[in-house]
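Engineer: With the sequence up front, the predicted model follows.
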Amino acid sequence: MTKHRIITGDSKDVKQIADKSVHLIVTSPPYPMISMWDDVFSRQDPDIGRLLEAGEGLKAFYRMHGLLNLTWDECDRVLADNGFVCINIGDATRSINGNFQLFSNHTRIIDYFLKKGYTVLPDILWRKQSNAPNKFMGSGMYPAGAYVTYEHEYILVFRKGGKRIFRGEDRERRQKSAFFWEERNVWFSDLWDIKGTSQIITASETSRERSAAFPFEIPYRLVNMYSIEGDTVYDPFAGLGTTSLACMAAKRNSVGVEIDGNIASLALKNITVSENVLNAVIDSRIQRHLDFIESLPEDKRGRCYKNIPHGFYVKTRQETAIKIDRVVSVTRENDTVICRYE
C-alpha cells in the first residue's frame with residue numbers, strides 16, 4: 001500500500017512534513033522571468049512587480065530566486081541524509097527596456113545547492129523541439145542581431161551527503177526496484193527527447209492560464225532512477241499531481257504541496273484515477289521489455305537470465321529480482337489517496 005497526500009499551502013513553510021522524512025524530491029518550480037509566472041512571484045513579493053514595471057529585470061530575477069531559495073530551504077529540512085533532489089527548470093529569454101537577454105535559472109539553482117553542501121551530479125537536457133515557423137528570434141538572416149533558439153530545459157540532480165547505504169529489508173526492496181538494462185541505457189543518458197504534451201491525465205480547467213505540468217514520463221523515470229519501492233517522494237510545486245501519479249505507478253509514497261487551492265483540488269481529483277490508468281503504464285513498461293528481449297538475436301537471448309518473480313528473461317543478473325506490482329485499487333480519504341497493489 002502507498003499513500004499520496006496533496007497539501008494546500010506554501011512550500012516555503014510546510015510544518016506538516018517532518019524533518020528528514022522524504023527520500024527524493026522531484027519538482028518543476030515556476031520559472032523566474034517567464035512572463036506567465038510574473039503574477040505568482042509578484043503576489044508573494046510585491047517588489048518584484050514594481051521592479052519589472054521599472055525595467056529592472058535583473059533585480060527582479062534575483063528576488064524571484066530569493067523566493068525559490070526559501071522553498072529549497074524547506075526541501076533541505078525534509079530531505080533525509082543521502083537523498084536526492086531532481087529539479088526540472090528552464091532558462092528564460094526576455095527583452096527588458098529593449099535589451100534581449102538570457103536569464104540563467106539553472107545556474108542560480110546549482111549555486112544554491114553548492115552553497116548548501118550538496119553534491120552536484122550530471123544533469124539531463126530535456127529536448128523540447130518546436131516546429132513553429134516563428135521560433136527563431138532576432139533580425140532574420142542578418143548577422144550580429146539574431147539569437148539562438150532555446151528548445152531545451154534542464155533536469156538538475158543533487159545528492160545530500162554521500163551515497164545511500166542499503167541494508168537488510170532496504171537491500172531487498174532495492175533489488176525489487178531495479179530497472180531493466182535497456183531502460184538504464186535510455187534513462188541515464190544526458191539527453192531526453194520527450195514531447196512536452198505527453199500527459200496521462202489533464203485537468204479540464206485551472207485557475208491559472210496554463211498549468212505548466214511536465215510530462216508524466218519525466219517524474220516516472222526520475223522516481224524509478226533515484227528511489228526504491230516504499231520510499232516517500234516530495235513535490236513542493238505539485239501542480240496537477242503528475243509526480244504523485246508517477247509514484248503511484250512506481251509503488252512509492254508521495255507528498256505534494258500546491259499554493260493554489262483550486263489547482264490542489266484538481267490535483268486530488270486527477271490522482272484519484274482508476275487502477276486501469278496506472279496498470280496501463282505498468283503493463284506498457286513490461287511489454288516494452290518483452291519486446292526488447294524478443295528483438296535480441298537468438299544467441300544473445302540464450303545468454304539472458306530469468307527474472308524470478310515474473311518468469312520472463314532479462315539481460316543481467318541484477319534484474320532477476322525485479323518485481324513490478326499491478327494496482328488493485330485507488331481510494332481517497334480527505335486529502336490523501338491510497339493505492340493498493342497485487
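Structural biologist: All right, it came through fine.

Engineer: what's the weakest-modelled helix or strand in the protein?
Structural biologist: For the chain, using mean pLDDT, DSSP states H and E, the weakest element among its helices and strands is strand 137-138, scoring a mean of 66.

Engineer: Tell me the helix or strand right after that strand.
Structural biologist: For strand 137-138, the succeeding helix or strand toward the C-terminus, using DSSP states H and E, is strand 146-147.

Engineer: Can you list the strands that that next one pairs with?
Structural biologist: Strand 146-147 has the following sheet partners, assigned by DSSP bridges: strand 137-138 (antiparallel).

Engineer: Longest strand in the chain, by number of residues?
Structural biologist: Among the elements of type strand in the chain, defined by DSSP state E, the one spanning the most residues is strand 79-89.

Engineer: From the rest of the structure, what touches the next helix-or-strand element following that one?
Structural biologist: Per DSSP H and E, the first helix or strand lying C-terminal to strand 79-89 is strand 92-96. Counting by C-beta atoms under 8 Å, 6 or more residues apart in numbering, strand 92-96 makes contact with 31-35, 55-58, 100-103, 105, 137, 147, 150, all of which sit outside it. For the C-beta atoms, the positions are set from N, CA and C on the backbone; glycine is no exception.

Engineer: Buried residues of strand 92-96, list them for me.
Structural biologist: The neighbour-count criterion (16 or more other C-beta atoms under 10 Å) identifies 92-93, 96 as the buried residues of strand 92-96.

Engineer: Tell me how far Met64 lies from Leu24.
Structural biologist: Spatial separation of Met64 from Leu24 under the definition C-beta to C-beta, to the nearest Å is 25 Å.

Engineer: So which of those two has more stuff around it?
Structural biologist: More neighbours sit around Met64 than around the other of Met64 and Leu24, counting by other C-beta atoms under 10 Å; the figures are 30 against 26.

Engineer: Can you get me a residue count around Leu51?
Structural biologist: So Leu51, with other C-beta under 10 Å, has 21 neighbours.

Engineer: From what I see, it and Met64 are in contact.
Structural biologist: No. Using C-beta atoms under 8 Å, Leu51 is not in contact with Met64; the gap is 9.6 Å.

Engineer: Point out where the stretch 51-200 of the chain drops to low pLDDT.
Structural biologist: Counting by pLDDT under 70, the stretch 51-200 of the chain contains low-confidence ranges at 129-139, 196-200.

Engineer: Please, where are all the strands along it?
Structural biologist: Counting by DSSP state E, counting those that start in this stretch, the stretch 51-200 of the chain has these strands, from start to end: 79-89, 92-96, 99-103, 119-127, 137-138, 146-147, 152-159, 191-193.

Engineer: so who does Arg50 touch?
Structural biologist: With contacts defined as C-beta under 8 Å, 6+ apart, Arg50 is in contact with no residue.

Engineer: Check the spacing between it and Met64 real quick.
Structural biologist: Arg50 sits 13 Å away from Met64, going by C-beta to C-beta.

Engineer: and if you look at Ser95?
Structural biologist: Applying C-beta to C-beta, one obtains 17 Å for the distance of Ser95 from Met64.

Engineer: which ones are touching Arg326?
Structural biologist: With contacts taken as C-beta under 8 Å, 6+ apart, Arg326 has the following neighbours: 275, 279, 282-283, 341-342.

Engineer: And it, what's its pLDDT?
Structural biologist: As predicted, Arg326 sits at a pLDDT of 97.

Engineer: quick revisit: list only buried entries from the contacts of Arg326.
Structural biologist: When these are checked for burial by 16+ other C-beta under 10 Å, the buried set is 275, 282, 341.

Engineer: So which of these sit within strands?
Structural biologist: Judged by DSSP E, the subset of those located in strands is Tyr341.

Engineer: Any chance of TSV for the buried ones among the contacts of Arg326, columns distance to Ser11 and pLDDT?
Structural biologist: Output for the buried ones among the contacts of Arg326, formatted as TSV (distance: C-beta to C-beta, whole Å; pLDDT from 0 to 100):
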residue	distance to Ser11	pLDDT
Glu275	29	94
Ile282	30	97
Tyr341	29	96
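
Engineer: of all the buried ones among the contacts of Arg326, which comes closest to Lys195?
Structural biologist: For Lys195, the closest of those turns out to be Ile282, at 20.9 Å, with distances computed as C-beta to C-beta.
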